[in-house]
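got a structure for you, letters missing:
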């Protein structure tokens with residue numbers, strides 16, 4: 001499914017993030033029974049460290065950093081959109097064993113807004129698209145935008161490892177981190193202009209790696225042609241999630257992406273930060289180079305694959 005964003009345009013800026021405060025190497029993770037894979041298997045994919053929430057951190061405190069900063073940039077947002085890569089994080093645990101049906105209403109966005117004394121702001125949440133959360137936020141946020149005079153939408157993603165689970169995925173050999181990040185979306189011309197998104201989903205539990213490669217190449221070319229930049233795809237900066245490095249090498253080969261434009265940002269240092277991967281790398285690589293293209297690749301459980309094409313705007317993108 002392709003969605004294009006022509007005039008008056010959709011822009012995102014204010015990219016900000018926070019990682020869990022505890023840095024562990026693979027040996028420490030294994031010794032603490034926080035990963036299931038042998039250390040050597042994760043190291044083959046380039047992982048060396050991850051970041052986890054500390055003893056005094058939880059989902060709310062992790063998300064509070066980016067959300068608080070975005071509120072300073074936009075004190076009266078038109079809406080708040082929150083995505084979680086783990087469904088367990090969409091609602092926080094109940095404080096008691098109250099059997100009343102409404103005691104289940106511990107939705108994360110409501111608790112976060114309450115913590116910041118924010119009221120009368122519509123909020124929306126998602127989790128079913130897994131680690132394609134950046135594209136989910138962009139799609140939902142863009143759909144909520146009104147005229148140029150309306151305030152921006154705050155987009156936020158936040159996740160901590162579900163209780164009792166490992167930080168890694170056994171079959172896929174993926175190492176994750178606890179992270180939160182966010183950005184603003186609006187009509188103001190700054191940061192990145194969203195040219196379009198291309199979404200694919202399947203109910204299959206497993207998708208062969210070779211199919212992921214072929215679909216990524218096809219969907220990227222398809223979207224580039226639809227938004228009118230097909231002839232410039234070779235000059236784009238391509239942001240990949242910190243998973244499947246061998247697959248992305250093949251994608252870049254087919255798309256003729258040069259090594260300096262092939263972005264796997266700090267895979268060894270921070271592992272896979274779920275839906276925050278894209279926010280982190282985009283925030284770092286905005287250089288004010290008007291018109292420079294960025295392709296963002298997302299892949300998530302579910303299974304989902306997504307492509308987003310952005311055009312850099314001279315006005316700065318980062319909030320921090």
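Thanks, I have the structure now. Note that this is a predicted model, so its numbers are computed, not measured.

per-domain residue ranges of this protein.
As given by automatic domain parsing, the domain ranges for the chain are 2-8+190-312, 11-186.

mind putting those in JSON lines, mean pLDDT and mean neighbour count included?
Heads up, the C-betas are built off the backbone N, CA and C, glycines and all. Converted to JSON lines, the domains of the chain look like this (pLDDT from 0 to 100; neighbours: other C-beta atoms under 10 Å):
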{"stretch": "domain 2-8+190-312", "mean pLDDT": "95", "mean neighbour count": "19"}
{"stretch": "domain 11-186", "mean pLDDT": "93", "mean neighbour count": "19"}
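
which stretches of the stretch 101-250 of the chain form helices?
Remark: helices assigned in the stretch 101-250 of the chain by DSSP state H, counting those that start in this stretch are 108-115, 133-143, 209-226, 245-255.

can I get those helices in a markdown table including distance to residue 91?
What follows is the helices of the stretch 101-250 of the chain, written out as a markdown table (distance: least, C-beta to C-beta, whole Å):
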| stretch | distance to residue 91 |
| --- | --- |
| helix 108-115 | 6 |
| helix 133-143 | 17 |
| helix 209-226 | 31 |
| helix 245-255 | 33 |
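
skipping adjacent residues, who's closest to the spatially most central residue of the chain in space?
By C-alpha atoms, centre = their mean, the chain has its centre lying nearest to residue 275, at 2.6 Å. The spatial neighbour of residue 275 that comes closest, neighbours along the chain excluded (C-beta to C-beta, 6 or more residues apart in numbering), is residue 133 at 2.8 Å.

equivalent analysis for residue 116, please.
In space, and not counting its chain neighbours, residue 116 is closest to residue 71: 6.2 Å by C-beta to C-beta, 6+ apart.

how far away is the one you found from residue 65?
Applying C-beta to C-beta, to the nearest Å, the value for residue 71 to residue 65 is 11 Å.

next: residue 244.
From residue 244 to residue 65 the distance is 29 Å (C-beta to C-beta).

quick revisit: surely the residue nearest to residue 275 meets residue 86?
No: with contact defined as C-beta atoms under 8 Å, residue 133 does not count as touching residue 86 (10.2 Å).

now for these two: what residues contact both?
residue 274 (C-beta atoms under 8 Å, 6 or more residues apart in numbering).

follow-up on the earlier one: tell me who's in contact with the residue nearest to residue 275.
Residue 133 makes contact with 83-85, 126, 157, 274-275, 298, 300 under the criterion C-beta under 8 Å, 6+ apart.

can we see that at 10 Å?
Contact analysis of residue 133 by C-beta atoms under 10 Å, 6 or more residues apart in numbering lists 82-85, 126-127, 155-159, 181, 274-279, 298, 300, 304, 306.

where's it relative to residue 189, distance?
Using C-beta to C-beta, residue 133 is found at 25 Å from residue 189.

out of the helices of the stretch 101-250 of the chain, nearest to residue 35?
Residue 35 sits nearest to helix 245-255 of all the helices of the stretch 101-250 of the chain, at 17.9 Å, using C-beta to C-beta.

ok, the residue nearest to the centre of the chain touching residue 134?
Yes: because the distance of 5.4 Å satisfies C-beta atoms under 10 Å, residue 275 is recorded as touching residue 134.

how far away is residue 245 from residue 65?
Distance from residue 245 to residue 65, by C-beta to C-beta: 29 Å.

and residue 116, its phi and psi?
Phi and psi for residue 116, reported as degrees, to the nearest 10, are phi -100, psi 10.

for residue 167, see how far away it is.
Counting by C-beta to C-beta, the separation of residue 116 from residue 167 is 29 Å.

cool, and residue 76?
Distance, residue 76 to residue 167, using C-beta to C-beta: 38 Å.

what do you get for residue 214?
The gap separating residue 214 from residue 167 is 30 Å, by C-beta to C-beta.
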